[in-house]
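[1] model this:
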Amino acid sequence: MAHMNDESRQDVSVCVWVCGTEPSAGATFVSLATDKAWDGGMVEDYTSHHDFGCSRSTGVLRGWALALTPAGSWTWNVGDGKTRLDYRPTPARQPITDGDWHLLAFTVERSRQEGRLYYDGSCVAVYSLTGLGSCLAETGRADPGGESCFAEGLVVEPGVVWPPSKIADIWQHRRAGEGRQIVDDMAADRVGEIRVLAWNIWHGGRRDGDVAGLETTISAIRASGADVVLMQETYGSGANIADGLEYHFYLRSSNLAIFSRFPIRATHDLFRPFNFGGVTLELSPGQQLRVFSTWLHYLPDYAGSMKGDEAVSTSALLQAEAETRADEAERLLVELAPMLTESAEIPVIVAGDFNSPSHLDWRQDTASRHRGLVVDWPVSLAMEQAGFVDTYRTIHGSALATSGFTWSPRFEDAWKDRIDFIYTHGEMTPLTAAVVDAHPPRWPSDHGAVSATLRLN
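    Below you'll find the model as predicted:
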């Protein structure tokens, strides 16, 4: 028997077949397969500005669970006794009470700090497990799930991580090719162009309502034509957005997520979960792209200082910036450096909400907008010195002619600035760049999104 280290002892692969004809009666979240006392917990609504959805309180217990949702979809949970993670997909895209048999599966790989979730043979989500302790409890068991959904054929393999191909084979063997995989795989031919969107969606995109706000958020992303979305303030809406787009989904933290038309081949949990993380996408056979979602600290409030009555100096702004955002940018760039040396072969995109302006926008010709100040903002300067290209300012060279403000389309009296960026490193050429900040019935976020079309050279 091969030697198992401490990490591999925490690995596990699980699959179970489920079939139901109608959603469960009441909000029960009955277990389909679990290795902990899942069914003993109270059903709670976790919805807030920073989370979304219902589940059982026992989700925090050490162990894992697959359960039936009241709406007729499924949910996945892992906990370590203190922390929990939950995946709550929609019945519109991932039903299990439609009278057909469906395969639910997941793998936990501790060396990579990732959990991969599968529906009918396809990987629908990847979760970062950074900060989560062991999520293995007792021996897994299959529960009948009452009269509304049946589970059979549970397989649990501790210490083993199945490759995606094995899970796809399990699905195809039973269904004999009847069903369809719900997400497309990589493109058959080399991809020449992609469109990227970076967007802080503001409290999960639900400030205008849990239903209406989320619908508008999904609709705005669809309308943008984005192939890849680098998101901030995801806050529990990720599974709904991924299902609405029918995209692959990576959750780095409650804050950061990535959505992609293309499959996720690897994850990169660099720096801190709340601030930085990314994935390697496979666009076509042998053609890869690394993309990272970013959120830097919201303090210091330079915008408040600029709008105040007191005098503001360049040195004071830079000194305050050095304590948070400048330090964060330098540290994440250090961790990212090995990948930047490979960007000629695998290009890199870093995008998101930097909460800091660009030195390219605060020059002498725009000083009248900034109380006469010219500022070499350290975050954007560090990105430039590391070899990154600011896609928006590459297309729109004059900040005086085209401001590109992303803060804030929702607050007329707010300080206006460009604080959301798409940066590229490697063999990519920006073709178009735009700020997207209007969509009916009302733009759902306090940030404008940034869109860029890139040629892959």
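
[2] would you map the strands across the stretch 51-200 of the chain?
    Here the stretch 51-200 of the chain has its strands, by DSSP state E, counting those that start in this stretch, at 54-56, 63-68, 74-79, 84-87, 101-109, 114-119, 122-128, 141-142, 149-158, 193-200.

[3] mind putting these into JSON lines with mean pLDDT?
    Output for the strands of the stretch 51-200 of the chain, formatted as JSON lines (pLDDT from 0 to 100):
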{"stretch": "strand 54-56", "mean pLDDT": "95"}
{"stretch": "strand 63-68", "mean pLDDT": "94"}
{"stretch": "strand 74-79", "mean pLDDT": "97"}
{"stretch": "strand 84-87", "mean pLDDT": "97"}
{"stretch": "strand 101-109", "mean pLDDT": "96"}
{"stretch": "strand 114-119", "mean pLDDT": "98"}
{"stretch": "strand 122-128", "mean pLDDT": "97"}
{"stretch": "strand 141-142", "mean pLDDT": "60"}
{"stretch": "strand 149-158", "mean pLDDT": "89"}
{"stretch": "strand 193-200", "mean pLDDT": "98"}
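
[4] turn these into TSV, columns for distance to residue 457.
    For every residue, glycine as well, the C-beta is placed using N, CA and C. Putting the strands of the stretch 51-200 of the chain into TSV (distance: least, CB to CB, whole Å) gives the following:
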stretch	distance to residue 457
strand 54-56	46
strand 63-68	43
strand 74-79	39
strand 84-87	36
strand 101-109	33
strand 114-119	30
strand 122-128	28
strand 141-142	51
strand 149-158	43
strand 193-200	11
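
[5] and residue 422, that one's in a strand?
    Yes. Per DSSP: H, G, I helix; E, B strand; the rest coil, residue 422 lies within a strand segment.

[6] beta partners for it?
    Beta-bridge partners for residue 422, by DSSP bridges, are residue 351.

[7] so it touches residue 351, yeah?
    Yes. Here residue 422 reaches residue 351: they are 4.2 Å apart, a contact under CB atoms under 8 Å.

[8] joint contacts of the two?
    By CB atoms under 8 Å, 6 or more residues apart in numbering, residue 422 and residue 351 have these common neighbours: 196, 198, 230, 450.

[9] of all residues in the chain, which one is nearest the centre?
    Note on the chain: the residue nearest the mean C-alpha position is residue 257, at 1.1 Å, using CA atoms, centre = their mean.

[10] isn't that one up against residue 233?
    No. Residue 257 is beyond contact range of residue 233, at 9.4 Å (criterion: CB under 8 Å).

[11] buried set for stretch 52-67?
    52-56, 58-67 (16 or more other CB atoms under 10 Å).

[12] identify the farthest-apart pair in the residues you listed.
    52 and 62 (24.1 Å; CB to CB).

[13] and the residue nearest to residue 76 when sequence neighbours are not counted, what does it touch?
    The shortest distance from residue 76 to any non-neighbouring residue, by CB to CB, 6 or more residues apart in numbering, is to residue 87 (4.3 Å). With contacts defined as CB under 8 Å, 6+ apart, residue 87 is in contact with 75, 76, 77, 117, 125, 127, 239.

[14] make it 6 Å
    Counting by CB atoms under 6 Å, 6 or more residues apart in numbering, residue 87 makes contact with 76, 117, 125, 239.

[15] could you do residue 269 as well?
    By CB under 6 Å, 6+ apart, the neighbours of residue 269 are 113, 128, 130, 277.

[16] neighbours around the first one, how many?
    Residue 113 is surrounded by 17 other residues when neighbours are defined as other CB atoms under 10 Å.

[17] that one and residue 367: what is the separation?
    46 Å (CB to CB, to the nearest Å).

[18] for the last one, same thing?
    With the distance defined as CB to CB, residue 277 ends up 36 Å from residue 367.

[19] give me the helix or strand of the protein that scores worst on average pLDDT.
    strand 141-142 (a mean of 60; mean pLDDT, DSSP states H and E).

[20] farthest-apart pair in the shared contacts of residue 422 and residue 351, please.
    Applying CB to CB across the shared contacts of residue 422 and residue 351, the maximum distance is between 230 and 450, 9.3 Å.

[21] which neighbours do the two share?
    Jointly contacting residue 230 and residue 450 under the rule CB under 6 Å, 6+ apart are residue 198.

[22] between those two, which one's more packed in?
    Neighbours per residue (other CB under 10 Å) separate residue 230 from residue 450, with residue 230 holding more: 30 against 27.

[23] hmm, the more buried one is touching residue 350, no?
    No. Using CB atoms under 6 Å, residue 230 is not in contact with residue 350, being 8.4 Å away.

[24] tell me which helix or strand residue 219 sits in.
    helix 212-224 (DSSP states H and E).

[25] which strands or helices does that helix pack on?
    helix 238-245 (3 or more CB pairs under 6 Å, 6 or more residues apart in numbering; DSSP states H and E).

[26] please save the CA atoms from the helix it packs on in CSV.
    Presented in CSV, the C-alpha positions along helix 238-245 are these (Å, rounded to 0.1, in the frame of the first residue of the first chain):
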residue,chain,number,x,y,z
GLY,A,238,-22.0,32.6,-6.9
ALA,A,239,-23.9,29.3,-7.5
ASN,A,240,-27.0,31.2,-8.8
ILE,A,241,-24.9,33.4,-11.1
ALA,A,242,-22.9,30.4,-12.5
ASP,A,243,-26.2,28.5,-13.2
GLY,A,244,-27.7,31.6,-14.8
LEU,A,245,-24.7,31.9,-17.1
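
[27] tell me the first helix or strand C-terminal of it.
    Next element after helix 238-245 (DSSP H and E): strand 248-251.

[28] distance from the helix or strand just after that following strand to the middle of the chain?
    Counting by DSSP H and E, the next helix or strand C-terminal to strand 248-251 is strand 257-260. In terms of CA atoms, centre = their mean, to the nearest Å, the centre of strand 257-260 is found 4 Å from the chain centre.

[29] and stretch 198-213, end to end?
    This stretch, stretch 198-213, spans 18 Å end to end (CA to CA, to the nearest Å).

[30] can you list contacts of it?
    Stretch 198-213 is contacted from outside by 49, 52, 214, 217, 230-233, 235-237, 351-353, 420, 422, 444-447, 449-450, using CB under 6 Å, 6+ apart.

[31] please repeat the previous calculation with a cut-off of 8 Å.
    With CB under 8 Å, 6+ apart, stretch 198-213 has contacts from 47, 49-52, 214, 216-218, 221, 229-237, 241, 293, 295, 351-353, 410, 420-422, 436, 442, 444-447, 449-450.
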